[in-house]
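Chemist: Quick check, what structure comes out for this input:
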Amino acid sequence: MVTDKKRKGISTFIATLLLMVLAVSAGVVIYAYTMGYLGGFGGPQTMGAISLDTYNFANNTRLEVYVRNIGKSTFELQSVYIDGVAIPGPKDTGYAGPKWAPLTLDENEVGSTVIPYVGTGFGTTTHVIKLVGVDNTQISFNAKR
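Modeler: Numbers count the residues shown, from 1 in each chain. Coordinates of the predicted model:
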């Protein structure tokens, strides 16, 4: 029986090319996964993102803040701080004075809250305002009257 010795499997060039394509595609998948394009590590409880649109002082006793939800989940305001001091909110039942207005924003929504200044009122100095959401989404900004 005569055998044909010229028959071979896949050439080394094609095999090398296939391995390179496989390595590059695996690298692209790993990169996309770690950068969050395919779901990421966070799951459904990832932190949101909000941005400050503007703020407005009114009557030297309150501050109106407009924020935009730029995240992928609903934002609900949980805490407000002025210069590191917590301002009472709607869930603070032990406080009878003015409280900040509740704020819940869906994705890509703009809303406002009115923050009373409990104490001597806003002076002419710069104050650090910090808003914290239920999912620990935070924004901090300087407000100057």
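Chemist: ok, the residue sitting nearest the centre point of the chain to Ser73 distance?
Modeler: Here the mean C-alpha position of the chain is nearest to the C-alpha of Ala49 (C-alpha atoms, centre = their mean), at a distance of 2.3 Å. For Ala49, the distance to Ser73 equals 9 Å [C-beta to C-beta, to the nearest Å]. Using the backbone N, CA and C atoms, a C-beta is placed for each residue, glycine as well.
Chemist: got a list of what the spatially closest residue to the residue nearest to the centre of the chain that is not a sequence neighbour touches?
Modeler: Using C-beta to C-beta, 6 or more residues apart in numbering and skipping residues adjacent in sequence, the residue nearest Ala49 is Gly71, 3.8 Å away. By C-beta atoms under 8 Å, 6 or more residues apart in numbering, the residues touching Gly71 are Met47, Gly48, Ala49, Ile50, Glu107, Thr137.
Chemist: Kindly report the same for Gln138.
Modeler: So Gln138 contacts Lys130, Leu131, Val132 (C-beta under 8 Å, 6+ apart).
Chemist: what about 6 Å?
Modeler: For Gln138, the contact set (C-beta atoms under 6 Å, 6 or more residues apart in numbering) comprises Val132.
Chemist: any chance you could read off phi and psi for it?
Modeler: phi -130, psi 150 (degrees, to the nearest 10).
Chemist: Averaged pLDDT, stretch 59-69. What do you get?
Modeler: Stretch 59-69 comes out with an average pLDDT of 86.
Chemist: residues near Ile82, how many?
Modeler: 20 (other C-beta atoms under 10 Å).
Chemist: let's number from 114 now, not from 1
Modeler: I'll keep to 114 as the first residue from here, and by that count the last item is Ile195.
Chemist: related to what we said a few turns ago, go ahead and confirm the residue nearest to the centre of the chain touches Lys185.
Modeler: No - the criterion here is C-beta atoms under 6 Å, and Ala162 misses it with Lys185 at 8.1 Å.
Chemist: got any ranges where the chain has weak pLDDT?
Modeler: Across the chain, the ranges flagged by pLDDT under 70 are 114-122, 149-160, 231-237.
Chemist: How is it partitioned into domains?
Modeler: 121-154, 159-257 (automatic domain parsing).
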